[in-house]
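Novice: One predicted model, sequence on top.
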Amino acid sequence: MTSNPEENGTGQRFWRRLRSPGLIFFVITAIAGLWIGIQVPPTWTVEKVGLDVSRDAQGQLVYTYQGKPKPIENVVPMAEAQLRPERIERLNADGQRPTVTEEYVWEEGQVDGRPARLYSRLVARFHWGFWSLLPAAVAVGLCWLTREPLPALLGGIVVGAFLLGRYNLTGQVLISSFAS
């Protein structure tokens, strides 16, 4: 009986797998995802959603969301909003993130030819531009190299989590995604 792991079948399979193109590709792209997530600042954009606002019995502003009234608090004029487009452009240029990610605003406008106060919800979202395609490219590349779709998808999820800076894969990525 031989004791050298290089000579028995298990040791040879182990070293062969370490040199496999799929593993090498995954390690390189996982390191790239980590580096991009740490070094490249995300680009922030603002999504503006117009709201059909009314007042409830207590006089509070509400809008209907999924069939239920949702109260609106802390409504500010658009000119004073933290998430107004020119402020977000300045933050992107400086590589900073906004201090708030959701805000309710109002602006003066026209409804049926009459002046009215228009309410909107501003939501800040981020992306990495071209680099946002990296997790999908990893999943496709691994699937092509290994011919195993489930591990390839898991590899894409891992690289995406690294890109987002979420290193606790079970708690921050997998379980929270399945729970929602």
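Specialist: Sure thing, it's come through.
Novice: only C-alpha atoms for contact and neighbour calcs from this point on.
Specialist: Will do.
Novice: and the longest helix for this protein?
Specialist: Using DSSP state H, we find that the single longest helix of the chain is helix 21-39.
Novice: Packing partners of that one?
Specialist: helix 134-146, helix 149-164 (3 or more Cα pairs under 8 Å, 6 or more residues apart in numbering; DSSP states H and E).
Novice: buried set for it?
Specialist: The neighbour-count check on helix 21-39 (16 or more other Cα atoms under 10 Å) flags 22-23, 26, 29-30, 32-34, 36-37 as buried.
Novice: Give me the mean pLDDT for that helix.
Specialist: For helix 21-39, mean pLDDT is 90.
Novice: what do you get for stretch 129-141?
Specialist: pLDDT averaged over stretch 129-141 gives 92.
Novice: From the chain's centre, how far out is that stretch? Work that out for me.
Specialist: In this view, stretch 129-141 has its centroid 13 Å away from the chain centroid, taken as Cα atoms, centre = their mean, to the nearest Å.
Novice: how about that stretch as CSV, C-alpha atoms only?
Specialist: C-alpha atoms of stretch 129-141 as CSV (Å, rounded to 0.1, in the frame of the first residue of the first chain):
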residue,chain,number,x,y,z
GLY,A,129,-21.9,50.4,-14.7
PHE,A,130,-20.1,47.9,-17.0
TRP,A,131,-18.9,45.9,-14.0
SER,A,132,-22.5,45.0,-13.1
LEU,A,133,-22.3,42.4,-15.8
LEU,A,134,-19.4,40.5,-14.1
PRO,A,135,-21.6,38.1,-12.1
ALA,A,136,-23.6,37.1,-15.2
ALA,A,137,-20.4,36.7,-17.2
VAL,A,138,-19.0,34.5,-14.5
ALA,A,139,-22.1,32.3,-14.4
VAL,A,140,-22.1,31.9,-18.2
GLY,A,141,-18.3,31.3,-18.3
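Novice: The longest strand along the chain: partners in the sheet, and parallel or antiparallel?
Specialist: Longest strand of the chain, by residue count under DSSP state E: strand 114-127. Taking DSSP bridges as the criterion, strand 114-127 forms sheet pairs with strand 43-51 (antiparallel), strand 102-111 (antiparallel).
Novice: And the next helix or strand past the shortest one?
Specialist: Note on strand 43-51: by DSSP states H and E, the next helix or strand toward the C-terminus is strand 53-55.
Novice: which residues touch the following helix or strand past that next one?
Specialist: Next along the chain after strand 53-55, taking DSSP H and E as the criterion, comes strand 61-65. Contacts to strand 61-65, defined as Cα atoms under 8 Å, 6 or more residues apart in numbering, come from residues 51-56, 69-73.
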